[in-house]
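Undergrad: Prediction below, plus the sequence it came from.
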Amino acid sequence: MTLARGASSPNRANGRRIAVVLFNLGGPDDAATVKPFLFNLFNDPAIIGLPGFARTPLARLIASRREASAQANYAQMDAGGGSPLKAETTKQMDALDAALNALLPGDDVKSFMAMRYWHPLTDEAAIDVAAWGPDEVVLLPLYPQFSTTTTESSLKAWNAAYAGSGRTRTICCYPGLDGWVRAQAEGVRLKLDEAVREHPGKPIRVLFSAHGIPEKLVTGKGDPYQEQVEATVARVAEAAGLSDWLLCYQSRVGPLKWLGPSTPDAIVEAGKAGLGVVITPIAFVSEHIETLVELDIEYGELAHEAGVHPYLRVPAVGTAPLFIDGLAGAVAESLGRIGTAPAGPGCQGRWKACPCQRERLAA
Ligand SMILES: C=CC1=C(C)c2cc3[nH]c(cc4nc(cc5[nH]c(cc1n2)c(C)c5CCC(=O)O)C(CCC(=O)O)=C4C)c(C)c3C=C
Ligand SMILES: [Fe+2]
Ligand SMILES: [Fe+2]
């Protein structure tokens, strides 16, 4: 018997309903929705920390100014002028549902997608989850590392929107989660082996490229993102047995100083040193504009100009079984079903404002 997504299995009548809410950024559906998507993004106080009366007109201005160049970038992907992020997240959601329903037999687990800046938006997801009437709600960001600009922003939006049933558990972050690290290390190792095989004798540097954030968020606001990205990189480099690697930051926007070194500078440096490059996303878990356009096309051209050869890119982990099973384990652990830490693989109190600390104390 095949069940429609979300239909309850008859032999799960006594099981608990567990809603897993996947947070992600969201992306436009097509060229026409690029501007309102950008407006939503820049109108988020987590992205531009000004009061609403100044932020909203500024967001409108930036969205207008950025529209044409962003549309041109989105048009370079095979996603109808929009972002593939929703489709990619749907695949992850389906894989996670399968893994979780196998891991928690007797329960009814269903995941929902809550995008921050484009549909399905967080408040739409909150309505769907409430209508389903869960006993438990697990909030699971598709961002391994916690940032005020991503996970915290989604958590605030969720808390403002959700008025349904169920006890909530929050997986704030999982920078060192075994399945995530192993899936990422496996991808790096495969590309590195390909580079060495096809370019024998050529020294290769692995560049770990994370989405940047403004430096003042780390120094002023105590954003733990950089520290957590560094923790992921150290673990992946060790698991993949790397000798020459560097963490760098991509996607800089606006006039502020962002975390560095920048990925473009790191590519140029590799060219000067006569190195080939294997580049891997390290803060994204799916393919979208920042991997398919920025890493592959823009930085691919830069690498060519800088004499970097080969320039190979590691795919995002997507639905890699190691990654999905790792997430499923984190969800089960957050529910106290496996492992010994009821609050799950949280930030271990490093991020004091994190809701996982309150949940840990309340457990
Ligand atoms: C680790 C994940 C991300 C962090 C941290 C992050 C911070 C951040 N982003 C912007 C501005 C933009 N981001 C854009 C796209 C985008 N960003 C992330 C993830 C993180 N952002 C993803 C997954 C995507 C892709 C969405 C898609 O449509 O495929 C964009 C839009 C694209 C563009 O115009 O370049 C902007 C703008 C800021 C300012 C920021 C931190 C302050
Ligand atoms: Fe971004
Ligand atoms: Fe936490």
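TA: Received the coordinates, thanks. Ligands and ions are numbered 1, 2, ... in the order given.
Undergrad: residue ranges for the strands of the stretch 151-300 of the chain, please.
TA: For the stretch 151-300 of the chain, the strands defined by DSSP state E, counting those that start in this stretch occupy 167-170, 204-211, 245-250, 276-281.
Undergrad: Indicate which one of those strands is closest to Val236.
TA: Distances from Val236 to each of the strands of the stretch 151-300 of the chain were compared using Cβ to Cβ; the shortest belongs to strand 204-211, at 7.2 Å. (C-beta placed from N, C-alpha, C; glycine too.)
Undergrad: ok, now how distant is the residue in the stretch 1-150 of the chain positioned nearest to ligand 1 from Trp132?
TA: Among residues of the stretch 1-150 of the chain, the one nearest ligand 1 by Cβ to the nearest ligand atom turns out to be Gly27. It sits 2.4 Å away. With distances taken as Cβ to Cβ, to the nearest Å, Gly27 is found 25 Å from Trp132.
Undergrad: Just give the closest residue to the residue most central in space within the chain, not the sequence neighbours.
TA: Among the residues of the chain, the one closest to the centroid is Tyr143, at 3.1 Å (Cα atoms, centre = their mean). What sits nearest to Tyr143 in space, not counting adjacent residues and going by Cβ to Cβ, 6 or more residues apart in numbering, is Thr150, at 4.7 Å.
Undergrad: Tell me, how many residues neighbour the one you found?
TA: 25 (other Cβ atoms under 10 Å).
Undergrad: How about stretch 227-245, which residues are buried there?
TA: By neighbour count, with 16 or more other Cβ atoms under 10 Å as the criterion, the buried positions of stretch 227-245 are 227-237, 239-240, 242, 245.
Undergrad: how much distance is there from that stretch to the middle of the chain?
TA: Taking the mean C-alpha point of stretch 227-245 and that of its whole chain, the gap between them comes to 18 Å (Cα atoms, centre = their mean, to the nearest Å).
Undergrad: And ligand 1, is that stretch touching that?
TA: No. Residues of stretch 227-245 contacting ligand 1 under Cβ under 6 Å from any ligand atom: none, with a closest distance of 8.4 Å.
Undergrad: Can you give the contact residues for that stretch?
TA: With Cβ atoms under 8 Å, 6 or more residues apart in numbering as the test, stretch 227-245 has contacts from 144-146, 173, 175-176, 180-182, 184-186, 188-189, 192, 203-208, 210, 247, 275, 282-283, 347, 350.
Undergrad: of all the residues in the chain, which ones are close to ligand 1?
TA: Residues of the chain lying near ligand 1 by Cβ under 6 Å from any ligand atom: 25, 27, 41, 47, 66, 70, 83, 85, 143, 147, 149-150, 211, 213-214, 253, 283-284, 288-290.
Undergrad: Drop anything exposed from these.
TA: The buried subset of the residues of the chain next to ligand 1 (16+ other Cβ under 10 Å) comprises 25, 27, 41, 47, 66, 70, 83, 85, 143, 147, 149-150, 211, 213-214, 283-284, 288-290.
Undergrad: that older thread, and the pLDDT at the residue nearest to the centre of the chain?
TA: On the pLDDT scale, Tyr143 is placed at 97.
Undergrad: Sweet, I'm off.
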